[in-house]
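**Q** using only what follows, build the 3D model:
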Amino acid sequence: RLSDAEAIYERALRGKEKALGPEHTSTLDTVNNLSSLYADQGRLSDAEAIYERALRGYEKALSHNHVNFHFSALDTIQNLAILYTQLRNIFKARVLYVRYQVRVKDVFNVQHERYQEVTKELASLNDFKQ
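**A** Predicted structure coming up:
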């Protein structure tokens, strides 16, 4: 029922934009979720544009240091890296995965499951041909 979910996310987004503003972190959380839905629908170019909007918004709404430790912002960085991998834009994927890896290391540690996963993702990018 992806179309139902899309309508709900879009309605929630309009409401949050009106009530909180387009760059409030709660609004940006909904933008990130809508992007994930677009990716699930196979609308990869739409997902890319909206993920980028979310990431720019987090960077603007939060200070540079807070973006590094805001979980939804971290999720957006990871989601955009995954999307770039799907789009075979390995350079952009690698840049975001490295950014994500550094932030995860800062927030958690190198033993954490998220750090281990992103390290594997980075290694797997070597299998892609540009």
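
**Q** which residues touch the residue nearest the centre of the chain?
**A** The centroid of the chain falls nearest to T76 when counting by C-alpha atoms, centre = their mean (1.6 Å). Shown in contact with T76 (C-beta atoms under 8 Å, 6 or more residues apart in numbering): L28, N32, S35, Y51, A54, L55, Y58. In this view, the C-beta of every residue, glycine as well, is placed from N, C-alpha and C.

**Q** let's see it at 6 Å
**A** N32, A54, L55 (C-beta atoms under 6 Å, 6 or more residues apart in numbering).

**Q** what distance do you get for the last one to E113?
**A** Per C-beta to C-beta, to the nearest Å, L55 is found 23 Å from E113.

**Q** got a list of what the nearest residue in space to L20 that is not next to it in sequence touches?
**A** Excluding the flanking residues, the one nearest L20 by C-beta to C-beta, 6 or more residues apart in numbering is T27, at 5.3 Å. By C-beta under 6 Å, 6+ apart, T27 lies in contact with K16, E17, L20.
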